[in-house]
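A.B. asks: fold the following.
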Amino acid sequence: MDLKYIIAEKYSNIEGVYNGIEYISTADNISRLVMDTLKFINSKKFMEIFSSSHPDFVLFYNPHPLNPFIARLIKRNFPEAITALYLHDPYKPDKSSYGFKKGIYIKLVEVIQKLTVRYMDYVVSPSEYSSYLYKKYYPEFNGKNYIAPLLIPDKWVNVNTERRFFSIIGGAHSATGHDTFIEIVNYAAEKELDCEFALISSSNITKYIENLTEKGTQKVKIVNKDSITDSEINEVIRESLAVFRLDKEVTQSGVIPVAYMNKTPIITRDIQGLTQHVNHMKNGYVIPFKCLPADAVRAMEYVKTNFIELSMNARRSYEEVWAEWQFDKYYYWLVDILRSK
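C.D. replies: Alright, predicted model coming up:
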């Protein structure tokens, strides 16, 4: 089976090299993304890509303004081709925690996804909660919906790494709880607690770092650069007693399965998008949505005391839900379709 990847050039340094890559965009900001979209709408580029090898199956993974145009082109010119959309976030019920600009951006993404869904035969949801929101937001969709978590390759390294951090990993904005994380660091530093922290993000985190106290700065390791590899993320997670997910609104988190793969528990706010995967005092610890630093400290103390059990359960959760060898469990329907082609 021949595979072709159509991606933006900013993903060219992604770990793992694939054959058949078509780089269609150089956009790294909203204005350039709009320009690229306008340039390609009436371009013959996509017909050339697909005509050289008629597609049997096309998967749309990341939201992009070009998706509905490409999907329509495929359905018009290759009616036998099967289309599917991996729909990470079908709808965010509460956009207030993201601020005005980010909220507008999220709404635009939802509009683009709704236009794309019209041309899909299948929609894949990464979790039960995501599927619930999808069915609520797209009641008119006539295709089939399957639940298939984001499968993570097993990169666990069996080494005796010292576990010393309580970390937060990933993009930082008003809804990710990095402000709360900084409050926890400062609180722990002021109380002279025996703990260390790590923050790893490719986002602009200047406004968060500025709020660190002098004592707090001494307690946190910061990894902040434009491009961070999976290997660097895994290294920090393997050195962590737990990873914080302090989001104020989220459908699901890709950090959770990566942490569980590395035998690392999760400390999370009590929201449905996260507690669907984090079982309190089993593979992690759930703190109140309106949490105080003292709540986080209690969670950290519990993790320290019960790390071995939490770690084992975290790894078990990965193996039962997100491990790469679970592919047939979630994609049996796709395997059957492709075999018939």
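A.B. asks: for the rest of this, base every contact and every neighbour count on C-alpha atoms.
C.D. replies: Noted.
A.B. asks: and the longest helix along the chain, how far from the chain's centre?
C.D. replies: Across the chain, the helix with the greatest residue count (assigned by DSSP state H) is helix 99-117. Distance of helix 99-117 from its chain centroid, counting by C-alpha atoms, centre = their mean, to the nearest Å, is 17 Å.
A.B. asks: list the buried residues in that helix.
C.D. replies: Neighbour counts over helix 99-117 (16 or more other C-alpha atoms under 10 Å) mark K102, G103, I106, V109, E110, I112, Q113, K114, L115, T116, V117 as buried.
A.B. asks: so which residues of the stretch 51-200 of the chain form strands?
C.D. replies: 57-60, 82-86, 122-125, 144-147, 165-169, 196-201 (DSSP state E, counting those that start in this stretch).
A.B. asks: in its sheet, what does the first one sit against?
C.D. replies: The one in question is strand 57-60. The pairing partners recorded for strand 57-60 under DSSP bridges are strand 82-86 (parallel).
A.B. asks: between the partner strand and helix 99-117, how big is the angle?
C.D. replies: 160 degrees (axes from the mean of the first three to the mean of the last three C-alpha atoms, to 10 degrees).
A.B. asks: where does this structure dip in pLDDT?
C.D. replies: 1, 9-19, 26-30, 41-43, 341 (pLDDT under 70).
A.B. asks: all helices for the chain, in order.
C.D. replies: 30-41, 45-51, 67-77, 99-117, 128-137, 178-190, 206-209, 214-217, 230-238, 255-261, 272-275, 293-305, 307-317, 327-339.
A.B. asks: got phi/psi on N204?
C.D. replies: Recorded main-chain torsions at N204 are phi -80, psi 110, according to degrees, to the nearest 10.
A.B. asks: give me the neighbour count for it.
C.D. replies: Residues lying near N204 (other C-alpha atoms under 10 Å) number 14.
A.B. asks: repeat for T264
C.D. replies: The local packing of T264 (other C-alpha under 10 Å) involves 30 other residues.
A.B. asks: same check on S227?
C.D. replies: 12.
A.B. asks: before we move on, the earlier item: winner for burial among the strands of the stretch 51-200 of the chain?
C.D. replies: Mean neighbour count (mean count of other C-alpha atoms under 10 Å) peaks for strand 165-169 among those, with a mean of 24.
A.B. asks: pairing partners for that one, with directions?
C.D. replies: strand 196-201 (parallel), strand 240-245 (parallel).
A.B. asks: figure out which of these is closest to I222.
C.D. replies: The closest of these to I222 is strand 196-201. By C-alpha to C-alpha, the value is 4.9 Å.
A.B. asks: so which residues make contact with the closest one?
C.D. replies: Applying C-alpha atoms under 8 Å, 6 or more residues apart in numbering, the contact partners of strand 196-201 are 164-172, 185, 219-225, 228, 233, 236.
A.B. asks: buried only: go through those for me.
C.D. replies: The neighbour-count test (16+ other C-alpha under 10 Å) marks 164-170, 172, 185, 219-220, 222, 233, 236 as buried among the contacts of strand 196-201.
A.B. asks: that older thread, could you dump the strands of the stretch 51-200 of the chain to TSV with distance to D2?
C.D. replies: Below are the strands of the stretch 51-200 of the chain laid out as TSV (distance: least, C-alpha to C-alpha, whole Å):
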stretch	distance to D2
strand 57-60	11
strand 82-86	15
strand 122-125	21
strand 144-147	24
strand 165-169	35
strand 196-201	35
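A.B. asks: nearest to R32, out of these?
C.D. replies: strand 57-60 (20.7 Å).
A.B. asks: then the closest one to PDB, C-alphas only?
C.D. replies: The C-alpha coordinates for strand 57-60 follow below in PDB (Å, rounded to 0.1, in the frame of the first residue of the first chain):
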ATOM      1  CA  PHE A  57      -8.600   6.400   1.700                       C
ATOM      2  CA  VAL A  58      -7.900   9.900   2.900                       C
ATOM      3  CA  LEU A  59      -7.500  10.800   6.500                       C
ATOM      4  CA  PHE A  60      -7.800  14.500   7.700                       C
END
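A.B. asks: what's the distance between it and the middle of its chain?
C.D. replies: 19 Å.
A.B. asks: again, but for stretch 158-178
C.D. replies: Relative to its parent chain, stretch 158-178 has a centroid offset of 14 Å by C-alpha atoms, centre = their mean.
A.B. asks: restrict it to CA atoms and write it as CSV.
C.D. replies: Output of stretch 158-178 as CSV, limited to C-alpha atoms (Å, rounded to 0.1, in the frame of the first residue of the first chain):
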residue,chain,number,x,y,z
ASN,A,158,13.9,0.7,31.5
VAL,A,159,16.5,2.8,33.3
ASN,A,160,16.8,3.8,36.9
THR,A,161,16.1,7.5,36.4
GLU,A,162,15.8,9.6,39.5
ARG,A,163,12.2,10.9,39.9
ARG,A,164,12.4,14.4,41.3
PHE,A,165,10.1,16.8,39.3
PHE,A,166,6.5,17.7,39.4
SER,A,167,6.2,19.0,35.9
ILE,A,168,3.9,20.7,33.4
ILE,A,169,4.3,20.0,29.7
GLY,A,170,2.9,21.5,26.5
GLY,A,171,1.5,24.7,25.1
ALA,A,172,0.8,27.5,27.5
HIS,A,173,-2.1,29.9,27.3
SER,A,174,-4.9,31.3,29.5
ALA,A,175,-6.7,27.9,29.7
THR,A,176,-3.8,25.6,30.4
GLY,A,177,-3.3,26.5,34.1
HIS,A,178,0.3,27.6,33.8
